[in-house]
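Undergrad: Return atomic coordinates for the entry below.
(one chain, ligands or ions: 2)
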Amino acid sequence: MDSAHVADDLTRVLYTPEQVTERLQAVAAEIDRDYAGQDLLLVGVLNGAVMVMADLSRSLSIHCRMDWMAISSYGSGTQSSGVVRILKDLNTDISGRHVLVVEDIIDTGLTLSYLISNLRSREPASLEIMTMFRKPEAQRNAVEVKYVGFDIPNEFVVGYGLDYDGRYRNLTAVGTLAPHVYS
Ligand code: XMP
Ligand code: MG
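TA: Ligands and ions are numbered 1, 2, ... in the order given. Here you go, the predicted model:
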């Protein structure tokens, strides 16, 4: 059953909008410093990274461009297999460019490791990753993530671009879903 307000469906708020904004600005300051004097291409992974991309890019002081990819990972149930299909490729030729992949969340990192090897084959000048959220499992994988918003517990979270069955992306807070949502 639907409740009146999206936010009523959260059991626990992990991060308030203010905490998200504050952390994002700190990450943006790091990126400003690291890429000073360079032209940066932000590559967002649809759909989850839409919010992070919008807020991160507007917190940057350096010049940047944005492009998008959409991928779907083959796998059974909720576990991603690491076999990935590109649904929408970049419009930009990234060879010789400084590329920063912008992600909403990294769980196992399998999806991302495929994406990174695909992008690396296009010979960018540099290739780094920024993710807003990272789960513990990701650290067991080889994917090196340069910028992390928050390391979170191994729970399913929604909000700030993250969805459950397509919903909750528009929540400004991030949290766990109330049981009445599933039942
Ligand atoms: P892997 O395991 O390949 O998968 O890193 C990353 C993708 O899994 C989804 N995912 C989540 N989506 N809340 C969500 O809304 C979560 O807690 C969550 N954990 C993983 C997401 O699509 C991500 O890109
Ligand atoms: Mg994603």
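Undergrad: hey, where'd the strands end up in the protein?
TA: For the chain, the strands defined by DSSP state E occupy 10-15, 40-46, 64-74, 83-88, 98-106, 126-134, 147-151, 157-158, 174-177.
Undergrad: got the angle for the fifth one vs strand 64-74?
TA: To tie it back to what came earlier, the one meant is strand 98-106. Counting by axes from the mean of the first three to the mean of the last three CA atoms, to 10 degrees, strand 98-106 lies at 50 degrees to strand 64-74.
Undergrad: Give the partner strands of strand 98-106 in its sheet and their orientations.
TA: With DSSP bridges as the test, strand 98-106 is paired with strand 40-46 (parallel), strand 126-134 (parallel).
Undergrad: The fourth one now?
TA: Next to strand 83-88 in the sheet, as set by DSSP bridges, lie strand 64-74 (antiparallel).
Undergrad: ok, and for stretch 8-21, which residues are buried?
TA: For stretch 8-21, the neighbour count (16 or more other CB atoms under 10 Å) marks Asp9, Leu10, Leu14, Tyr15, Val20 as buried. Every C-beta, even on glycine, is put in place using the N, C-alpha and C of the backbone.
Undergrad: How far away from the center of its chain is the helix or strand of the chain with the lowest mean pLDDT?
TA: Sorting the helices and strands of the chain by mean pLDDT, DSSP states H and E puts strand 83-88 at the bottom, at a mean of 89. Remark: strand 83-88 is offset 16 Å from the chain centroid, using CA atoms, centre = their mean, to the nearest Å.
Undergrad: do it and ligand 2 meet?
TA: No. Counting by CB under 5 Å from the ion, ligand 2 is not contacted by strand 83-88; separation bottoms out at 11.1 Å.
Undergrad: next one: stretch 168-179
TA: No. Figure legend: stretch 168-179 not in contact with ligand 2 (CB under 5 Å from the ion); closest approach 10.8 Å.
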